[in-house]
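**Student:** take a look and give me a structure for this.
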Amino acid sequence: AFATFGTVDATSTGATALVQTRRATLRRHRVVAAVASRAAAPSPRKAAQEFLQRESARQGSSALGRIAELLRANNPFATVLEEIEKMLGLLAAEGKKDAEHKAWCDEERKVTNEDIALKTKQINTLTSEIQALVTAIEDPETGLKAMIKRDEEALQMNYESQVSETGERKEENMAYQKDISNLVEAKGLLERAISVLRKYYSKISDKIKAEEVALVQSAKGKRDDPAPPATWDDKYSGQSEAGGTDAVSMLEFILKNTLAEEKAAHNDELAAQHSYEDSMESLKTEEASLQAQLAENRKLLADKEEELLQKRKDLKATEADKKALEEYLVEIKPGCDFITTNLDLRNTNRANEKTALENAVTLIKGTPAYTEAMTAAHEESLGDCKEICAKSEEHVDCKACLAKVTVPGYCAGHAGTVGC
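**Tutor:** Below you'll find the predicted structure:
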């Protein structure tokens, strides 16, 4: 428009031409002054670039250096700001990840150390229980194996005593039976002998008496016989009275002794049998007690050995668990030590980077070029509605155009819009 205006005679000659010339000269002076001013002081873009380069070198931040390079290469502001936003997002994500990593390390170490302490306690308990079981099984005095051995030896001795006493009892009984048989036989012989002798002596005595009567009667019819000597006894005793009965008495005495011996043998046998039975009862009672005790100890030994085997398995598994936990702590140590030691420094560096990036954004957004670029971009986004929205973007004409509907149609749904 201004170019067209200057081509007509009314604007290019006479007084109007003079005014036009003065205005053109004034504009040139202003442009020259602006250029000189800009040459004297760095532009906001360059100031932002230099600031980021300094901070990049001081902090050792490649991110800040990259943004500085983008500015130096005259990339569009939108591209630079978008990159800065990405970097700010990465810084935030990295900070969150570091915090989560530190929290994870703290929790893992806490839980793992607690588990190790628990496993250590379990190992100590299992070790004590295993030692107690070994003592209960293997102790030479009070251990189950020693008790079982003593019970087995006592049971063997009990069995041998039963066999020995039973054998002795059989031998004694056989001797008793033989002795009784002999005594019974002797008794029978003595009784028969006594009976025979008594009958015999009884007959002799009767015969002698008859002869004596006959002699007396025959003597009465004869002369008197001369008187016998003073030392002569006219009575013949022979075996009829004292002499005869002495043999019987002797046999009766022997019989009496035989009967007494038989009775003593019976009494001795009875006493020996009672003693044997009492001993057998005692041995049987002891045998039953030993067998019950032996069975109980064998079962207890089996239970203790099974428990010992399980305790040893548990100990082995618990020691393996503890070792795995300790190895796990060693495995996570480098990463966890690093984040624990450097978290504060990393947070400080991120905060510095964030501040530098935000300052760069402030510097960039402070440039006229950015303002012009944003305005141009905005106007471009208006498209065909640019001229309509030039008056007011809040007016219904602009909004209806952008929405690609009629004004009445837009007002129907947005009654409070300016211009409805």
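**Student:** buried residues of stretch 107-117, list them for me.
**Tutor:** Taking 16 or more other C-beta atoms under 10 Å as the basis for neighbour counts, the residues of stretch 107-117 that come out buried are 109, 112, 116. (C-beta placed from N, C-alpha, C; glycine too.)
**Student:** among those residues, name the ones in strands.
**Tutor:** Using DSSP state E, no member of those falls within strands.
**Student:** quick one: which of these sit in helices?
**Tutor:** Using DSSP state H, the members of the buried residues of stretch 107-117 that fall within helices are 109, 112, 116.
**Student:** got a list of what the second one touches?
**Tutor:** With contacts defined as C-beta atoms under 8 Å, 6 or more residues apart in numbering, residue 112 is in contact with 325, 328-329.
**Student:** and the helix or strand hosting residue 371, what does it pack onto?
**Tutor:** For residue 371, the enclosing helix or strand under DSSP states H and E is helix 368-382. Judged by 3 or more C-beta pairs under 8 Å, 6 or more residues apart in numbering; DSSP states H and E, helix 368-382 is in contact with helix 44-59, helix 77-138.
**Student:** CA atoms of the following helix or strand past that helix as PDB?
**Tutor:** Moving toward the C-terminus from helix 368-382, the first helix or strand encountered (DSSP H and E) is helix 386-389. Coordinates of the C-alpha atoms in helix 386-389 are reproduced here as PDB (Å, rounded to 0.1, in the frame of the first residue of the first chain):
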ATOM      1  CA  LYS A 386      -7.000 -14.200  10.500                       C
ATOM      2  CA  GLU A 387      -8.700 -11.000   9.200                       C
ATOM      3  CA  ILE A 388     -12.000 -11.800  11.000                       C
ATOM      4  CA  CYS A 389     -10.100 -12.400  14.300                       C
END
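**Student:** and the contacts of helix 386-389?
**Tutor:** With C-beta under 8 Å, 6+ apart as the test, helix 386-389 has contacts from 379, 382, 395, 397-398, 401-402.
**Student:** one more time with 7 Å, if that's ok
**Tutor:** Applying C-beta atoms under 7 Å, 6 or more residues apart in numbering, the contact partners of helix 386-389 are 379, 382, 397-398, 401.
**Student:** run the chain-centre distance for that helix.
**Tutor:** Between the centre of helix 386-389 and the centre of its chain there are 80 Å (C-alpha atoms, centre = their mean, to the nearest Å).
**Student:** before we move on, the earlier item: quick one: work out the angle between the helix holding residue 371 and helix 77-138.
**Tutor:** 90 degrees (axes from the mean of the first three to the mean of the last three C-alpha atoms, to 10 degrees).
**Student:** the chain should start at 46 in everything you say after this.
**Tutor:** Sure, I'll start counting at 46 from here, so that last one is helix 413-427.
**Student:** quick check: mean pLDDT across helix 413-427?
**Tutor:** Averaging pLDDT along helix 413-427 yields 79.
**Student:** next: stretch 224-231.
**Tutor:** Computed over stretch 224-231, the mean pLDDT rounds to 93.
**Student:** stretch 154-164 too?
**Tutor:** For stretch 154-164, the mean confidence score works out to 98.
**Student:** hmm, back to that, and the helix holding residue 416, how far from the chain's centre?
**Tutor:** Per C-alpha atoms, centre = their mean, the displacement of helix 413-427 from the mean C-alpha position of its chain is 72 Å.
**Student:** again with stretch 229-241
**Tutor:** Worked out by C-alpha atoms, centre = their mean, stretch 229-241 lies 92 Å from the chain centre.
**Student:** same check on stretch 203-219?
**Tutor:** Chain-centre distance of stretch 203-219: 57 Å, with C-alpha atoms, centre = their mean.
**Student:** next: stretch 320-333.
**Tutor:** 50 Å.
**Student:** need the residues that contact that stretch.
**Tutor:** Taking C-beta under 7 Å, 6+ apart as the criterion, the residues outside stretch 320-333 that touch it are 200, 203, 206-207, 210, 214.
**Student:** tell me which of the helices and strands packed on helix 413-427 sits nearest to residue 313.
**Tutor:** Proximity to residue 313, assessed across the helices and strands packed on helix 413-427 by C-beta to C-beta, is greatest for helix 122-183 (50.9 Å).
**Student:** so in this structure, where's the weakest helix or strand by average pLDDT?
**Tutor:** Within the chain, judged by mean pLDDT, DSSP states H and E, the helix or strand with the poorest mean is helix 47-50; its value is a mean of 29.
**Student:** and residue 208, how many neighbours does it have?
**Tutor:** Residue 208 has 10 neighbours, counted by other C-beta atoms under 10 Å.
**Student:** and the gap between it and residue 338?
**Tutor:** The span separating residue 208 from residue 338 equals 21 Å under the rule C-beta to C-beta, to the nearest Å.
**Student:** with residue 178 instead?
**Tutor:** Counting by C-beta to C-beta - residue 178 and residue 338 are separated by 20 Å.
**Student:** likewise for residue 225?
**Tutor:** Applying C-beta to C-beta to residue 225 and residue 338 gives a distance of 43 Å.
**Student:** cool, and residue 434?
**Tutor:** Relative to residue 338, residue 434 is positioned 110 Å away (criterion: C-beta to C-beta).
**Student:** between these two, which one's more packed in?
**Tutor:** Neighbour totals were compared for residue 434 and residue 338, and residue 434 leads with 20 against 16 (other C-beta under 10 Å).
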